[in-house]
Each structure stands twice: as structure tokens, then as C-alpha cells.
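[1] Sequence and predicted model, in that order:
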Amino acid sequence: MSGRMQDAADIVQAATGARYDVAVAGGGAVGAVLACALADLGATVLLADPWMGVRNSSPAFAPRPLALSLASQHVLVSLGAWEQMACDATPIESIHVSEAGRFGAARLGARECGVARFGSVVAAAALGATLRDAVARRSAIHCTRGRIVDADVAGDLVASRVIETPEDTSFSFHASLLVVADGGHSELRDSLGIETTMRDYRQSAIASVVAARTARVRTAFERFTPSGPVALLPMGGARYGLVWSCAANEAQALAELPDREFARSLDAVFAGRFGGFDPVDERTLFPLRLVRAKSIVDERVVLVGNAANHLHPVAGQGFNLGMRDVACLAEVVAAARRDGSTPGDAAVLERYRRWRRPDHASVARFTDVLVDVFCHRFSPVAPLRAPALVALDRAPGLKRALARRAMGFGGRVPRLALGQLP
Ligand SMILES: Cc1cc2nc3c(=O)[nH]c(=O)nc-3n(C[C@H](O)[C@H](O)[C@H](O)COP(=O)(O)OP(=O)(O)OC[C@H]3O[C@@H](n4cnc5c(N)ncnc54)[C@H](O)[C@@H]3O)c2cc1C
């Protein structure tokens, strides 16, 4: 498939006072997929982002590997957005979890869990390019370059404004529903008075691509070290996407090391098992925090993706959780359209809230506990970590249950995540 890249010239200038079924603030991965899913239901969508149409620069698609769960992959297949990316995606067929300096590891094989793959690894930039094309193919999506600010509810509509980039001019619009998908530092969420809880991990993640001298194809590695988790995600051949989380000052120092010393430090983390590494790509730093919105719905407003839950990247869950937000929201909006109600109706948003809350709570708790248990030298449960990995390795039932959740199939699974229409 050779979709058309969206250029600034393709951006539709929305007229002041225009009316949409849904306005999406944020054209990152979650906002873009949601806009496609809603357009496929027949909704008119305004998609706004200050980086819209600016190629290869959006911070939302900054260089990093993304492990997509099988459920996320199904969502992209359902929207016709997978085929284009498939040739750049590497399947994950096994996962190896270990702790630096201790014996014992847990190995999970996709086959023993009843699937051919747990998911796939893609570069964020490849996902960004695919989604730009997917958005550009849908005429029901009006893209605009700018940020959505403020929201006033009047009757069955929300009135809002886009401040255009870079001109700083603005236009107003109305929508039945305003979706806040503007990421973990969501200014829109804050301006709407939606409170958050925050934990600063005082860690940063270094993302990059490395080549291993001895690679184990299609295997993902997660190694817990006293200063943080290090993930190697297969990206084809000997290449691995690296996500190395550690104390912020340590990460800064590692990011500044010459290539050879950086490769040596990484080799030491894996006790030489890969026979050495060659850096392939630049290193990008991401500060790590847990930020959770106390409420994910408000009057004619709904939060999705990182704007609702900004997680630590350990276990690679943030985008996958956001894809389940998209799939559930698309399903409740589809049901609303069949019933003759509008997407922003309180009952529709309440259905979304009740469906998403347990998944949000358990995934946020899981990643937070992983950081506490595995990433601190003096954790009270430190002596239990290695035996726990060995026990997991010998418990096929537990492995299958864990894998099922990690693939995005825990709880009530939305139809898009099963590859069906909502
Ligand atoms: C190093 C690293 C590795 C990761 N690995 C994985 C992984 O393997 N698997 C996984 O599932 N997740 C992973 N994640 C998490 C994942 O990247 C995020 O959860 C996901 O990309 C969030 O997407 P989003 O669209 O919600 O937010 P963002 O990507 O932050 O996008 C928000 C968008 O909103 C725009 N915006 C801001 N303000 C406004 C406004 N007022 N109006 C309109 N637009 C606005 C921004 O320009 C931006 O484009 C990783 C994260 C990191 C840092």
C-alpha cells in the first residue's frame, strides 16, 4: 500500500463556527488512531495538533522502539493501517526476563501461550508515517495545525478554539464531544480543571537502536538492574530497539558517552551474553513519570492515551493501553449512533468510564509495582526477585495468564482489539 503523506498543504482550514461530531486534541499515535476509528463510524472529526503536517519532527513520534501488543495490532489491521507497516514490524515470539547479577530467568514462548506471536516491534517514526497516511485517506477527518484550548459546554455541544501554529491566529468550532489526547503533559486537561496524581520516578529512559554481535531473533529481553530496567526489543536481524531506564543523572551521562563506551556499558548489563553491541542510531532521552488523571470524563469531554495515564515504559504498556481506550471509545460511540444518541452524551461517556477504569488502574499499578520491586537495590522484597522469576518460569498457567494480559486480552475485550468492527 502506498498511502499519500500528509503535507502542510493538505491541512484543511476549518471555518470559524464549523461543527463536528468529535474534536480530537492531539495527533499523536492515540489521537490519530482514534480519529480514523471514529471517521470509519461515519463521524465528522476535527483533528488538531501543533505538529500536524510537519514531517519527522513531532515529539509524539520521537525515535524509540514500540512493542505493540497483539490487541493493538488488531486495531491497526481493522483500520487498514497495518499492511503498510507490516514490512517494518518484527514479531515477538519469545520474551526473556532476568535480573542482573542473579541466577534464574523467566522465559515466555508465544507457542506455549497458544499464539504465534505476542505482538510486534515497530519504530515510532514508522508508526507516525503510517498513521499520517491513514488520516489523510479519510475525508471525514479535518486536520488542523494548532492547539485546542478551552471548552465551554452549551446544551448538547462543546464550544472550543484552535490557536493555529505558527501564526497564532485562532478559530472557534463546536463539537458533540471533545477528546483530550494531548499527551502526558496535557495542558488542555489541566485547563479544564481535571486533577491528576503524579509520581516522579527521577529516572530517564535512553532510547536507541543497537546491533548485537550474537542475536536471538524475535526474542525480547527485559533485564532488571539495581538502577532500572533495560529492554532490548527485536527489530530484525541483529538489530534491537533499546530502552534503558535509570536514574536521570546516570541516563544523561550514559547518553553522552562515546559510542564505544556506551556499547561496553550495555554489554556489561547483559554480562557479555550478546558478544558485544554496535550502536546504530542516536540516543534520545525521555524523563519518566507516572501521571494519572483523577477523572477520565467530564461534561462532553473524554481523556484517552497518555493524557489519561502517562506510565513508566517498563513492560511497554502506554501505547497499548491507549489503543484499548480507542477501541472502547469507538465501540460506545458506535452503539450511541445506532441508538440515535450523540457521542458526547453523558450516558455514552459513563459507559466508557466504567469500562476503562479497571484496566487503567491495574496496568498503572502493575508498571508502578514493577519499578518498586525490581528497580531498587534495597527493596524489602529484593531477595525474593530471583526465586520469583524461577517460579514464574516453571508455572505455565501463570505465564499464559500474564501473557494474555500483556497481549491486551484481559477483562472485557473491545471488538476492534479482536479485529472486528465496533
Ligand atoms: C522510551 C519509551 C518507550 C516506550 N515504549 C513503549 C512500548 O514498547 N509499548 C507501548 O505500548 N508504549 C510505549 N511507550 C509509551 C508510548 O510511547 C505512549 O504511551 C504513547 O505514544 C502516547 O501517545 P499519545 O498519543 O497519548 O500521546 P503523545 O504521543 O504525547 O501525543 C500527544 C500529541 O498532542 C499534541 N498536543 C499537545 N497539546 C495539544 C493541544 N492543546 N491541542 C492539540 N494537540 C496538542 C502534541 O503535539 C502531541 O502530538 C514508550 C514510551 C517511551 C518514552
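    Here it is on my side, so go on.

[2] Give me every residue in this structure lying close to the ligand.
    With the criterion set to CB under 6 Å from any ligand atom, the chain comes near the ligand through 25-31, 48-51, 58, 60, 64, 66-67, 147-148, 181-183, 187-188, 205, 207, 243, 286, 305-306, 313, 316-320, 322. Heads up, the C-betas are built off the backbone N, CA and C, glycines and all.

[3] Restricted to buried residues, select the residues you listed in ChimeraX.
    In ChimeraX, this line selects whichever of these come out buried by 16 or more other CB atoms under 10 Å:
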select :25,26,27,28,29,30,31,48,49,50,51,58,60,64,66,67,147,148,181,182,183,188,205,207,243,286,305,306,313,316,317,318,319,320,322
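
[4] Which of the residues of the chain next to the ligand fall in helices?
    A29, V30, G31, E187, L188, G318, F319, N320, G322 (DSSP state H).

[5] May I ask you to confirm that the third one is in contact with W51?
    No: distance between G31 and W51: 11.2 Å, which falls outside the contact criterion (CB atoms under 8 Å).

[6] Which two of the ones in helices among the residues of the chain next to the ligand have the greatest separation?
    E187 and N320 (24.6 Å; CB to CB).

[7] Columns pLDDT on top of the ones in helices among the residues of the chain next to the ligand, output as a markdown table?
    Below are those laid out as a markdown table (pLDDT from 0 to 100):
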| residue | pLDDT |
| --- | --- |
| A29 | 98 |
| V30 | 98 |
| G31 | 98 |
| E187 | 97 |
| L188 | 98 |
| G318 | 97 |
| F319 | 98 |
| N320 | 97 |
| G322 | 98 |
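
[8] Closest to A238 out of these?
    Nearest to A238 out of those is F319 (CB to CB; 25.0 Å).

[9] Now the helix or strand of the chain with the lowest mean pLDDT: buried residues?
    When the helices and strands of the chain are compared on mean pLDDT, DSSP states H and E, helix 382-393 comes out lowest with a mean of 74. Within helix 382-393, the residues scored as buried using 16+ other CB under 10 Å are R385, A386, A388, L389, L392, D393.

[10] Stretch 155-163 too?
    Under the neighbour-count criterion of 16+ other CB under 10 Å, stretch 155-163 has L157, V158, A159, S160, R161, V162, I163 buried.

[11] Show me where this structure dips below the pLDDT cut-off.
    Applying pLDDT under 70 to the chain flags the ranges 1-16, 375-383.

[12] Setting the sequence-adjacent residues aside, check what's closest to the closest residue to the ligand within the stretch 51-200 of the chain.
    Across the stretch 51-200 of the chain, the shortest distance to the ligand (CB to the nearest ligand atom) belongs to G183, at 2.5 Å. Nearest residue to G183, sequence neighbours excluded (CB to CB, 6 or more residues apart in numbering): N306, at 4.7 Å.

[13] hang on, isn't that neighbour packed against G322?
    Yes: when contacts are counted by CB under 8 Å, N306 is listed as touching G322 (6.8 Å).

[14] Spit out the residues that contact these two alike.
    Residues touching both N306 and G322 by CB atoms under 8 Å, 6 or more residues apart in numbering: V30.

[15] Quick one: the helices in this structure, in order.
    Going by DSSP H, the chain shows helices at 29-40, 70-78, 83-86, 124-136, 187-191, 248-256, 259-269, 318-339, 346-374, 382-393, 396-406.
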